[in-house]
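>>> No sequence on hand, only this structure:
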């Protein structure tokens, strides 16, 4: 068998790829896949297109990049396959990047090393125009529907699994849920580009009043060259 670690990347920021949204599910392929096996590329393509189809049922499609790794390989561990959908990179302007819903899952028992979480971004499918205290039924059902993409991937010899690096064991996912409480992923928050300053020093306060009411644009460092 081969344990596959999949990096599913929603490409939402062409200038700052570090702001892209990444989820990392694992899969168990029932046979050993050599590094040059075309099944790696097939699996990457099926996963990327499945995720794109799930997302684009509700909104304009975002480019999805999938990288597949052998989860048990030693370092340096390079991708076995990379696939990108043929879609434009669309910015995520109508949703706070760090606001997420959690797809929780487990294998038989909801216990340590038998469960996992994926923090999904509803902004890929919805706008935040009427965001409420709790997510709507439509929003949580949409996030839960992504589990079907993982479940259907690759046929009978591929399972969506909980992979434990401690136990070195892959357990098939048996149950999952999404509740309506918002989660926050601070690492996805975009850096500020403006701030308001204040001071109790009278001399500095006069300078701030003269300087656009205390608003200061922040210079954002360019993304590193690819």
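Yes, it's here. What you see is a predicted model, and the numbers here were worked out from it, not measured in a lab.
>>> where do the strands sit along the chain?
For the chain, the strands defined by DSSP state E occupy 2-11, 21-23, 26-29, 63-70, 81-84, 99-106, 115-120, 158-164, 169-172, 175-177, 183-184, 194-196, 215-217.
>>> Go ahead and confirm residue 77 touches residue 70.
Yes: between residue 77 and residue 70 there is a contact under CB atoms under 8 Å: 6.8 Å. (Glycine included, C-beta is placed from N, CA and C.)
>>> In terms of neighbours, single out the busier of these two.
Neighbour comparison, residue 77 and residue 70: the larger count goes to residue 70, with 18 against 12 (by other CB atoms under 10 Å).
>>> show me where this protein has helices.
Using DSSP state H, the helices of the chain run over 39-56, 137-152, 202-210.
>>> List the buried residues in the longest one.
Right, the one you point to is helix 39-56. Neighbour-count burial for helix 39-56, counted by 16 or more other CB atoms under 10 Å, picks out 39-40, 43-44, 46-52, 54-56.
>>> so which of these comes closest to residue 137?
Minimum distance to residue 137 across the buried residues of helix 39-56 is 17.5 Å, recorded for residue 54 (CB to CB).
>>> on that earlier part again, Throw the helices of the chain into JSON lines and include distance to residue 81 and mean pLDDT, thanks.
Shown next, in JSON lines, are the helices of the chain (distance: least, CB to CB, whole Å; pLDDT from 0 to 100):
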{"stretch": "helix 39-56", "distance to residue 81": "4", "mean pLDDT": "95"}
{"stretch": "helix 137-152", "distance to residue 81": "17", "mean pLDDT": "96"}
{"stretch": "helix 202-210", "distance to residue 81": "54", "mean pLDDT": "71"}
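>>> what would the ones you listed look like in TSV with distance to residue 182?
As requested, these are exported to TSV (distance: least, CB to CB, whole Å):
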stretch	distance to residue 182
helix 39-56	19
helix 137-152	10
helix 202-210	35
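>>> between those, which one is nearest to residue 188?
Closest to residue 188 of those is helix 137-152 (CB to CB; 15.4 Å).
>>> Kindly calculate the angle that that closest one makes with strand 158-164.
Computed by axes from the mean of the first three to the mean of the last three CA atoms, to 10 degrees, the angle separating helix 137-152 from strand 158-164 equals 100 degrees.
>>> Which neighbouring elements make contact with helix 137-152?
Where contact means 3 or more CB pairs under 8 Å, 6 or more residues apart in numbering; DSSP states H and E, helix 137-152 is packed against helix 39-56, strand 99-106, strand 115-120, strand 158-164, strand 175-177.
>>> Out of these, flag the one nearest residue 32.
Nearest to residue 32, of the helices and strands packed on helix 137-152 and by CB to CB, is helix 39-56 at 10.5 Å.
>>> Now flag whichever of the buried residues of helix 39-56 is closest to residue 124.
Nearest to residue 124 among the buried residues of helix 39-56, with distances taken as CB to CB, is residue 55, at 5.0 Å.
>>> got a list of what residue 9 touches?
20-22, 64-67 (CB atoms under 8 Å, 6 or more residues apart in numbering).
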